[in-house]
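1. Generate a structure from the sequence data that follows.
(one chain, ligands or ions: 1)
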Amino acid sequence: MAARGEFSSKMAFVLAASGSAIGLGNIWGFPIKVASNGGGAFVFTYIVLTFLLAYPILMAELVIGRYAKADTVRSMLAVSSPKTRWLAMITGGWGMLTASLILSFYAIVAGWMIAHGAGSALDLVGISSAWLTSDSTTRSLVFAAVFFVLTISIIANGVASGIEKWSSRLMPMLIFLIVALIIYITTLEGAAEGWKVYLQPDFSKVTEPGLVLDALSQAFFSLSLGVGTMMVYGSYISKSENLPRLGATVAAMDIGIAVLAGMLVIPAMYVAQFNGVIIYDESGKLIESGRLIFNVLPSLFEVMGSAGIITSLVFFLLMSIAALTSSISMLEVPVAFASDSLNATRKKASWMVGGLIFALSVVIIYNMNPLFDMVVNFATQFSEPMVGILFCLFVGWIWQRNAILNELKQGNPELERSLFWRIWPNYVRFVCPAIVLFLLIRSFGLVNF
Ligand code: PHE
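-> Got it, this is the predicted structure:
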């Protein structure tokens, strides 16, 4: 087994884990779900579910990962008992499969981001680039391939030089740009209506099964949970760090960016609508939801004149980088397993596994309708919460409580007296799995794959 790297500092982990959490889920996925679930009501439910369900599960993943210091399957085995080894293997394997499925659709959307960025770069030098922003199969194929090559090359280089170096030094720039755009958009006609929709929750809607299912899957997806990503990242954290605090920092950053992205995209939608772009069809349904921000934002950049071209270039470039710091965390899950198991070098494992997942993307690209939505829904609405429940079962019922305490105490000697330790163990034992299961069952008919 190859020697395991470790993040060099607390900051490095927070950046890498936030880099994983913050991505298309925040800026592409979150606004779509806000827009198709009536605005503020969704935002409210999503934030509540992140605190109530996602953060405790994030902690479960981090603690297992740091304890076992191995890939997901081996980590699950390390916290299992002789009688539950089979369940450990299913859990680790299911997580790994889910990470691969997510990467297969994520790379397609990330490819569109790169294509739009390249389109703006060409616009800047006066070359027409209609193909790059068109809706063509070849375009999706070419740019998904580009995105895969980038992702695989980084992962092939390993944690220290790969993930850490790339993770999110550019995040401050992304935040700055989004804030600047929010201020700009607020001055445009139509934005006020968007702000109203975003900020005024219609509380009668917050318990609708469809909305709650979307909020649940968004909370899991956005924090990169239920696939083993956070477990693998946890395995690279040094024993001297305070895990509950690290986890809370990552969760807070992730929510912050999602809420910020909503402040940009939702008002932008209403500005675009004011300018004649069709967003909702006659029945009030969002049209082509996956392409929402690719319709809305370019129309916003257009009204900005020549400054819009540069803004568009920077925006899509930063989005591509944010997507990359997430995609590497997905690919790391099966690659960690493959290089631990197959005795293959990291490089070889990365190209092999990455190549296989790319093949899946190709199949999806040629069958966008219905495969794209099917894979998204199966992975995010069903698999991630289910694997999350399994993680809770291990931490709550199978792994010895004392071992958990000892693991968490490293880097946090006062843990036993903390509020976290008083609540969390029983919470992941009973409350978390029960609520997630209840929400899944209640919305069962709504999961459409
Ligand atoms: N959290 C990432 C995002 O919001 C997506 C992701 C899901 C990353 C699962 C890793 C694992 O874009």
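
2. What mean pLDDT does stretch 61-81 get?
-> Across stretch 61-81, the average pLDDT comes to 95.

3. what sits up against that stretch?
-> Contact with stretch 61-81 is made by 4, 85, 87-89, 91-93, 95-96, 225, 228-235, 237, 239, 243, 246-247, 333, 336-337, 340-341, 391, 394-395, 398-399, 403-404, 407-408, as judged by C-beta atoms under 8 Å, 6 or more residues apart in numbering. Yep, even glycine has a C-beta here, placed from its N, CA and C like the rest.

4. at 6 Å what do you get?
-> 4, 88, 91-92, 95-96, 228, 230-231, 234-235, 237, 243, 247, 336-337, 340, 394, 398-399, 407-408 (C-beta atoms under 6 Å, 6 or more residues apart in numbering).

5. Where does the stretch 301-449 of the chain get nearest to the ligand, which residue?
-> Ser326 (4.1 Å; C-beta to the nearest ligand atom).

6. Hmm, that residue is touching Ala21, no?
-> No - using C-beta atoms under 6 Å, Ser326 is not in contact with Ala21, being 7.5 Å away.

7. Mind checking which of the two has more residues around it?
-> Ranked by neighbour count (other C-beta atoms under 10 Å), Ser326 and Ala21 place Ala21 first, with 30 against 26.

8. Kindly provide the distance from the more buried one to Phe294.
-> Distance of Ala21 to Phe294, computed by C-beta to C-beta, to the nearest Å: 22 Å.

9. cool, and Gly25?
-> According to C-beta to C-beta, Gly25 and Phe294 sit 16 Å apart.

10. where does Tyr280 fall, phi/psi-wise?
-> phi -110, psi 140 (degrees, to the nearest 10).

11. residues contacting Ile389?
-> Counting by C-beta under 6 Å, 6+ apart, Ile389 makes contact with 433, 436.

12. give me the element it is part of.
-> Assessed by DSSP states H and E, Ile389 sits inside helix 384-393.

13. Pick out the residue of this protein closest to the ligand.
-> At 2.2 Å from the ligand, Gly25 is the closest residue in the chain, using C-beta to the nearest ligand atom.

14. ok, that residue - how many residues close by?
-> By the criterion of other C-beta under 10 Å, Gly25 has 28 neighbours.

15. do Ala180 as well
-> Ala180 is flanked by 13 other residues according to other C-beta under 10 Å.

16. and the strand or helix carrying it, does that touch the ligand?
-> Taking DSSP H and E as the criterion, Ala180 maps to helix 171-186. No - for a cut-off given as C-beta under 6 Å from any ligand atom, helix 171-186 has no contacts with the ligand; the smallest distance is 12.6 Å.

17. after that helix, next one along is what?
-> In the C-terminal direction, the helix or strand that comes right after helix 171-186 (DSSP H and E) is helix 191-199.

18. what helices or strands is the helix or strand just after that following helix leaning on?
-> Per DSSP H and E, the first helix or strand lying C-terminal to helix 191-199 is helix 209-222. Applying 3 or more C-beta pairs under 6 Å, 6 or more residues apart in numbering; DSSP states H and E, one finds that helix 209-222 contacts helix 40-49, helix 432-442.

19. Thanks a lot, catch you later.
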